[in-house]
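**Student:** Return a 3D structure for these sequence lines:
(chains A, B, C, D, E and F)
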There are 6 protein chains.
Amino acid sequence: MPAGELQYPSLPQPTASDTCTTDVEDEAWVWAQIKAEARRDAESEPALASYLYSTILSHSSLERSLAFHLGNKLCSSTLLSTLLYDLFLNTFSSDPSLRTAAVADLRAARFRDPACVSFSHCLLNYKGFLACQAHRVAHKLWSQSRRPLALALHSRVSDVFAVDIHPAAKIGKGILFDHATGVVIGETAVVGNNVSILHHVTLGGTGKASGDRHPKIGDGVLIGAGATILGNVKIGEGAKIGAGSVVLIDVPARTTAVGNPARLVGGKEKPSKNEECPGESMDHTSFISEWSDYII
Amino acid sequence: MPAGELQYPSLPQPTASDTCTTDVEDEAWVWAQIKAEARRDAESEPALASYLYSTILSHSSLERSLAFHLGNKLCSSTLLSTLLYDLFLNTFSSDPSLRTAAVADLRAARFRDPACVSFSHCLLNYKGFLACQAHRVAHKLWSQSRRPLALALHSRVSDVFAVDIHPAAKIGKGILFDHATGVVIGETAVVGNNVSILHHVTLGGTGKASGDRHPKIGDGVLIGAGATILGNVKIGEGAKIGAGSVVLIDVPARTTAVGNPARLVGGKEKPSKNEECPGESMDHTSFISEWSDYII
Amino acid sequence: MPAGELQYPSLPQPTASDTCTTDVEDEAWVWAQIKAEARRDAESEPALASYLYSTILSHSSLERSLAFHLGNKLCSSTLLSTLLYDLFLNTFSSDPSLRTAAVADLRAARFRDPACVSFSHCLLNYKGFLACQAHRVAHKLWSQSRRPLALALHSRVSDVFAVDIHPAAKIGKGILFDHATGVVIGETAVVGNNVSILHHVTLGGTGKASGDRHPKIGDGVLIGAGATILGNVKIGEGAKIGAGSVVLIDVPARTTAVGNPARLVGGKEKPSKNEECPGESMDHTSFISEWSDYII
Amino acid sequence: MPAGELQYPSLPQPTASDTCTTDVEDEAWVWAQIKAEARRDAESEPALASYLYSTILSHSSLERSLAFHLGNKLCSSTLLSTLLYDLFLNTFSSDPSLRTAAVADLRAARFRDPACVSFSHCLLNYKGFLACQAHRVAHKLWSQSRRPLALALHSRVSDVFAVDIHPAAKIGKGILFDHATGVVIGETAVVGNNVSILHHVTLGGTGKASGDRHPKIGDGVLIGAGATILGNVKIGEGAKIGAGSVVLIDVPARTTAVGNPARLVGGKEKPSKNEECPGESMDHTSFISEWSDYII
Amino acid sequence: MPAGELQYPSLPQPTASDTCTTDVEDEAWVWAQIKAEARRDAESEPALASYLYSTILSHSSLERSLAFHLGNKLCSSTLLSTLLYDLFLNTFSSDPSLRTAAVADLRAARFRDPACVSFSHCLLNYKGFLACQAHRVAHKLWSQSRRPLALALHSRVSDVFAVDIHPAAKIGKGILFDHATGVVIGETAVVGNNVSILHHVTLGGTGKASGDRHPKIGDGVLIGAGATILGNVKIGEGAKIGAGSVVLIDVPARTTAVGNPARLVGGKEKPSKNEECPGESMDHTSFISEWSDYII
Amino acid sequence: MPAGELQYPSLPQPTASDTCTTDVEDEAWVWAQIKAEARRDAESEPALASYLYSTILSHSSLERSLAFHLGNKLCSSTLLSTLLYDLFLNTFSSDPSLRTAAVADLRAARFRDPACVSFSHCLLNYKGFLACQAHRVAHKLWSQSRRPLALALHSRVSDVFAVDIHPAAKIGKGILFDHATGVVIGETAVVGNNVSILHHVTLGGTGKASGDRHPKIGDGVLIGAGATILGNVKIGEGAKIGAGSVVLIDVPARTTAVGNPARLVGGKEKPSKNEECPGESMDHTSFISEWSDYII
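**Tutor:** Model prediction:
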């Protein structure tokens, strides 16, 4: 294992601006990193070289690589890869904000997830990352009133990645969907920037009534695995939602909600306060002792 | 968005018979709606027209469209689409009850789910709907003692849609599997009519013992996201199971069970009574205040 | 149904050694069973015969059958089936321990899951079984520092089966992943032998910190559906984790933890003791009465 | 080789009616032969069993087998196998004359071509046979004024089999297209019954003028490899056209034309007379000595 | 048949400029015709509508339609459609002369081939047309010294269409490759404008020697089916080569060569003269009487 | 073009042993050349790198590369690539003579065809080379009495490459099938070593009679494009058959036959003598002057 370990050099230090702030990332720098990583991996692993060339090394830009990869992942016998590739490429090319968001998401995975060994690892293999980029395209189509196409894309993402984000949902940037399987985000949900969401998380509605009926997630929030947040509730900036929690209430900024039904750690009146940005620090469990105390 | 909104006209008023009653739907009417929707969408979105023609507009009946769509969705390199298409078409053609159930399920999605913009949206994109129709075919094969084929189909549905319904399970009609990812329904489970089941719901067994070991779900029940119901328990008509609940007990008709482990809202002795048919009204959260009161 | 029932003869009695002990299974015997089952099914169901011949009956050994089946299941347009087949075949051929583990897993499904009607049913249709065998190959690649390939395989398994096991995780043998959808197992997790894990189970980390940060699961443990175990905690041999539990604490051997957050049944001081090997007996619910008592 | 030879039993004696006459074949008998052959081959060659089951043994009739095989052979990413299968099956089912012709063609290959070891060999592997059956369907579509579909089918046959028969061309039954690569038959060509046509044969037009401009081939004609017959000329019953000939003239019944440009063997005035039905006897070379004499 | 006939209106009269002259075609007009034809066909034939939308009606320009169609026709499991689509689209977009040539070729088929019922018929179904457009792209790559890619494309065209044009060969515009199967054109061949070439035509080399070794075909030449022209010979403007001829000599302008070996009709000294442009008039057989006279 | 030209260095001088003699080639040397060529091309053309890695650079030996390439080229929806890959790999691995022959064929293309720019060009792109290697495998299966599989392979080669070589035909080594489209070689044909055969060549039978009925081609023979040789005739060593000839007679060693019907150049009594090995020198046309003289 040591030899293998050596090939992943330590990450360049994130600058101050990487913490909980909006940052215009250098797309070119990230793309250069991705190509360098892919080149190194292609050399060390000939069996994977073809895959790395087709998905990364043959492309002249991140947007082409991503359009190609998504087109091939999401195509089906009735929705051809060429059609999807074209759609993704045109959308990424015409809207730089989608590319900025993709770069922020790549950084989010790379800096927050200790299991993420490289940018290319995230680009190629993270279904949460890929589902999120496809969602951004579906969201753009939705906002252009191209709804049937947006919904077809939505459906393909749900089939292929088991990630179900309604095209109308608004998702910020710098998002980490870790593991991602089973994530469900409803039509009127809003997710801020620098949020980290684990697998099996639901941002669900309150039922049959239409209108604004899904959660609003503030910047820097961390939502643990299997958490279910229902209704038009507000999860404040920097809040933390414990794994497996069922949240039907507003959660104030920088507080933690846990349990089924979820309650605030430290009590409703004087809840404990989190660090600045749990969505980035990804500390799922520091509140265990507190919680245990609270429970017993 | 307004422009886009305009293209989805308000739904024809459901007649009185649409509420919690068995209704022989006019398959022809629904199919005509679907074709009209697909024609409208094909005109407004040329990029999707090919898909809409191949899946809907080139077919002369709902059963052919569905057989085609399922055959192409569920095929693999070792189970060819032509084989599956043939199997689906023959089964749908020979058993009208499967078509009636499909129509009831289409209506269920259209009337209960505010995010469902059209019948064709459900037909094409709802993995819960598609998984359920494939299950009905697998169930029929199972009941004809064609078990290896039923299980192969079961496996494909689990791979493609992440919906795992044992072919022996009995599922009623007018079912809405909303989002559907992660649903698991065991061998001896029974689900009544007009039930709504959210994603990640488990109707599971009690372990190694064989025999009748899975839940029995009454008509009109609503089961929230992530609920786990285990063992040969009875969930009475019109009951409601809260999201994230773990239910190991019988739940009387028209009552609500919540929590982990689940308890009846209002108490075991005099539980609160729900409206007639929560499976249709889809009210996931009206019991929040009650529950909160109950808990604290 | 009786006729169909007849075709599945009662299972040969497991010998004493089948209970919670390591057993060198006769791979040849299991393979002969699988071929006999497939031959019987091909004869009774011509529509499935082509599938059974291509996946089982045309192969001269279990490892070839498995390599073929996995290669075809996990391939994509950018990772060809021939490449994956080659990789699986070479790995299974060169490492007998992978084959022994596969046989133990087949037995685990066959003996523990009442819905498992035959070895071939498991081999062909159990996504948990298939995901686990692919993981073993990815784990071997990881341990040989062929990490990019291991991670690509990991990603395919997560896409196709919705089972996300990090290639570095150590998994014992005789494992039953029942239903399997949504299982997530992190990088430094360790799972012992003869463990049974239901769907939606998470063996997750504690957040951003790298290092040893995932659960250690002892031999013979049973983990119920939707349970979330977080952090470097130790779940002792023969312990049982209730469905939907959120476990952030060590669980002593042969005890049961339930609830969100999970507590020991019988109390922290003198917890109730389980039978020898719940991972094999698969009794999910015998502790219900105890638990109910405990809660109220 | 002897062992292998043994497995192909000598063919049942053709009855008198098999020579140069129209014969209503017993479709059922031929289909039973095909199934028996496929069963024997599947048993002796497990590597081929999956193919034989999917193409032949899983089907209940010749028309289903043929529709399946053609659908899978001729499909493309934009013309799906399910669509083609449906089209072929519906056409074969609704028009018994297509099935009769297919059976006559199977017999033609089996009795005339010494390299044809079985009916199933022809059904599965003879591109000339398959192209001809697809042509019959295209011809029917053409005659129903469904020309764009007929032409799309025509194009697929030309791509896949390198056999280019215009959908309007009229082809009799009991036809052997031997090897078949490169055959081109124009729009107004007519081919009688019991004709044998080798590869690279052209029945071409006279150029830009529209109208009736292609050859008319009488019953029982044999056309050698690479022969080019141009214009609205008449090749009389039982005539023989030498390999590589370029024919621009009428050829009387039972005479032989050879050379470039082609002349009648024996001279224009008193040409030599052939046996009754060279299209069936397939004697390509008995006229060599005559010809040589003629030339020198 | 009459009804079907009616749907193909008589072609607009070609202007004077359509005869044997270079003409800058109105790409937009032809594309509008193609769309109108496809729309009409999609309406009359729902089974084909999906195909027509994906190949033609969903595209905004001829170059996109052509790039899509060629990408899907020529792709393989190791050369993905997305890669080829990208390559074709970029090349067609960046070089207007390729589009002009494509339009001239479409007109050539439409005006010269009586079996060509519409422009869209040619665009979708004529393998000669499609092979020629793919060749133009390969030729461009070759001239940019991107030879390995040019040769890979060349190989795909030869596999898929059985048309083998070396990427270095220079092909003019307004070319009709009628039927096209088996055409072989060597490395140093040159083909002028408004040439018509039937199937099985070879423009071959003289053997092992490298250098300029293939035929030079003048403007307006007509080459009949199966003709073989070998060596660096010159076929003059407006010459005609009879079907099945083997030509090893220069053929003067507006003369006709026939036979094996080919000789000039009318004799070497005073050969008969053709009309202006046989490549357009496509008269394959007017010289028959002359020839017959000559021979005898 | 100069730059591109530069990248193909002049070929190493063939040693004396390369002319018309059997030579045990250094498989390793050729494989090293192929890898070096592919590496150079992958570097200069990123769009092709994925293809080059998957077909060549990821493989450890020529036999694996060839098995992979053929498996992917010849597979269909009913004959999977994994099955074919396995079959090819096992056959190439177990029979070194197949590998020796493949190397000799690679050398034949490289040294005789001026259009062949590299060994890898031949390996990847020459349908004649690929069809011939697949034939060798089919021939081996045939000789092992695995006839149905041999014929299935034969059929795939005929569909994909339009090259139709009966599995029973015996083909020597050092064979160049140039262009190859339309080649047909019958069941009892025999082809010696170092033969060159152009496209559209037929080695055909004499008709219905079974038994030994196809041509025997001596070592070093050259057969021109479109030549048709019929019946059990003997073409002597070093003979040359002119393009478009129709040969029904024995051709003595080192003589040339031309025309339809073919006659010996120089006359039957004292035919002109060729150089030693026309199959290698590939001189198609030096006999033109002679022939012309002969004719007139």
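**Student:** What is the burial count for A:S60?
**Tutor:** Residue neighbour count, defined by other Cβ atoms under 10 Å in any protein chain shown, stands at 9 for A:S60. For glycine as for every other residue, the C-beta is placed from the backbone atoms N, C-alpha and C.
**Student:** ok but it is inside a helix, no?
**Tutor:** No - A:S60 is assigned coil when assessed by DSSP: H, G, I helix; E, B strand; the rest coil, not a helix.
**Student:** State the distance from it to chain E.
**Tutor:** Using Cβ to the nearest Cβ, to the nearest Å, A:S60 is found at 10 Å from chain E.
**Student:** Quick check: phi and psi at A:L52.
**Tutor:** phi -70, psi -40 (degrees, to the nearest 10).
**Student:** what about stretch A:195-214 and chain C, touching?
**Tutor:** Yes - Stretch A:195-214 reaches chain C (Cβ under 8 Å from any Cβ of the partner chain) through A:L198, A:H199, A:H200.
**Student:** Tell me the one among these nearest to chain D.
**Tutor:** A:H199 (33.4 Å; Cβ to the nearest Cβ).
**Student:** For the closest residue to that closest one other than its chain neighbours, grab phi and psi.
**Tutor:** Of all residues not flanking A:H199 in the chain, A:H179 sits nearest, at 3.8 Å (Cβ to Cβ, 6 or more residues apart in numbering or on different chains). A:H179 has phi and psi values of phi 70, psi -50 when expressed as degrees, to the nearest 10.
**Student:** Pull the contacting residues for A:H179.
**Tutor:** A:G128, A:L198, A:H199, A:A225, C:S158, C:D164, C:V184 (Cβ atoms under 8 Å, 6 or more residues apart in numbering or on different chains).
**Student:** quick one, domains of chain A?
**Tutor:** A:21-163, A:169-295 (the TED database).
**Student:** For the one residue in chain A that gets nearest to chain B, grab the count of nearby residues.
**Tutor:** Proximity of chain A to chain B (Cβ to the nearest Cβ) peaks at A:S145, 2.9 Å away. By other Cβ under 10 Å, 17 other residues sit near A:S145.
**Student:** The one 10 residues further on too?
**Tutor:** Each residue near A:S155 was counted by other Cβ under 10 Å, and the total is 21.
**Student:** Report the contact partners of it.
**Tutor:** By Cβ under 8 Å, 6+ apart, the contact set of A:S155 is B:L124, B:N125, B:Y126, B:K127.
**Student:** The nearest residue to A:D212 once chain neighbours are set aside: what secondary structure?
**Tutor:** Closest residue to A:D212 in three dimensions, ignoring its sequence neighbours and counting by Cβ to Cβ, 6+ apart: A:T188, at 4.7 Å. The local conformation at A:T188, judged by three-state DSSP, is coil.
**Student:** Please report the confidence value the model assigns to the residue nearest to A:H199.
**Tutor:** What the model reports for A:H179 is a pLDDT of 97.
**Student:** how near is it to A:G128?
**Tutor:** 7 Å (Cβ to Cβ, to the nearest Å).
**Student:** again, but for A:V184
**Tutor:** Distance, A:V184 to A:G128, using Cβ to Cβ: 13 Å.
**Student:** A:C122 now?
**Tutor:** Using Cβ to Cβ, which is the criterion applied here, A:C122 is 9 Å from A:G128.
**Student:** what do these two both touch?
**Tutor:** Taking Cβ under 8 Å, 6+ apart as the contact rule, A:C122 and A:G128 both touch A:A109.
**Student:** higher neighbour count, those two?
**Tutor:** Each of A:C122 and A:G128 has its neighbours counted (other Cβ under 10 Å); A:G128 has more, 26 against 22.
**Student:** That one contacts A:F177, doesn't it?
**Tutor:** Yes - using Cβ atoms under 8 Å, A:G128 is in contact with A:F177, at 2.8 Å.
**Student:** which residues are in contact with both of the two?
**Tutor:** A:V163, A:V183, A:I197.
**Student:** Point out the ones among these that are inside strands.
**Tutor:** Judged by DSSP state E, strands contain the following of the shared contacts of A:G128 and A:F177: A:I197.
**Student:** CSV for the shared contacts of A:G128 and A:F177, including distance to C:G231 and neighbour count?
**Tutor:** Supplementary listing: the shared contacts of A:G128 and A:F177 in CSV, determined by distance: Cβ to Cβ, whole Å; neighbours: other Cβ atoms under 10 Å in any protein chain shown:
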residue, distance to C:G231, neighbour count
A:V163, 25, 25
A:V183, 22, 28
A:I197, 19, 28
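**Student:** From the shared contacts of A:G128 and A:F177, pick the one nearest D:G218.
**Tutor:** Closest approach between these and D:G218, by Cβ to Cβ: A:V163, at 66.7 Å.
**Student:** and the gap between the closest residue to the closest one other than its chain neighbours and B:D86?
**Tutor:** Spatial nearest neighbour of A:V163, excluding adjacent residues (Cβ to Cβ, 6+ apart): A:A131 at 3.8 Å. According to Cβ to Cβ, A:A131 and B:D86 sit 33 Å apart.
**Student:** Correct me if wrong, but A:A47 is in a strand.
**Tutor:** No - secondary structure of A:A47 (three-state DSSP): helix, not part of a strand.
**Student:** In contact with it, which residues?
**Tutor:** Listed by Cβ under 8 Å, 6+ apart, the contact set of A:A47 reads C:L83, C:L87, C:L149, F:S58.
**Student:** which residues sit in contact with the first one?
**Tutor:** It refers to C:L83. A:A47, A:S50, C:C75, F:S54, F:S58, F:F68.
**Student:** mind checking pLDDT for the third one?
**Tutor:** Predicted confidence (pLDDT) for C:C75: 97.
**Student:** Looking at A:I235 now. What's its pLDDT?
**Tutor:** Per the predicted model, pLDDT is 98 at A:I235.
**Student:** Same check on A:L6?
**Tutor:** 29.
**Student:** next one: the one 10 residues further on
**Tutor:** In the predicted model, A:A16 carries a pLDDT score of 42.
**Student:** repeat for A:T206
**Tutor:** You'll see A:T206 listed with a pLDDT of 77.
**Student:** cool, and A:D105?
**Tutor:** For A:D105, the predicted pLDDT is 97.
**Student:** what residue ranges in chain A score low on pLDDT?
**Tutor:** A:1-25, A:207-208, A:276, A:283-296 (pLDDT under 70).
**Student:** Isn't A:L123 up against A:A109?
**Tutor:** No - using Cβ under 8 Å, A:L123 is not in contact with A:A109, being 9.1 Å away.
**Student:** Mutual contacts of the two, please.
**Tutor:** The contact lists of A:L123 and A:A109 share A:F129, where a contact means Cβ under 8 Å, 6+ apart.
**Student:** count of residues packed around A:D212?
**Tutor:** 12.
**Student:** cool, A:R40 as well?
**Tutor:** The number of residues packed near A:R40 is 17, by other Cβ under 10 Å.
**Student:** Also A:G231?
**Tutor:** A:G231 has 20 nearby residues by other Cβ under 10 Å.
**Student:** correct me, but it touches A:V246?
**Tutor:** No - contact criterion Cβ under 8 Å: A:G231 and A:V246 do not qualify, at 11.1 Å.
**Student:** How many residues are close by A:P252?
**Tutor:** A:P252: 19 neighbours (other Cβ under 10 Å).
**Student:** Perfect, I'm done here.
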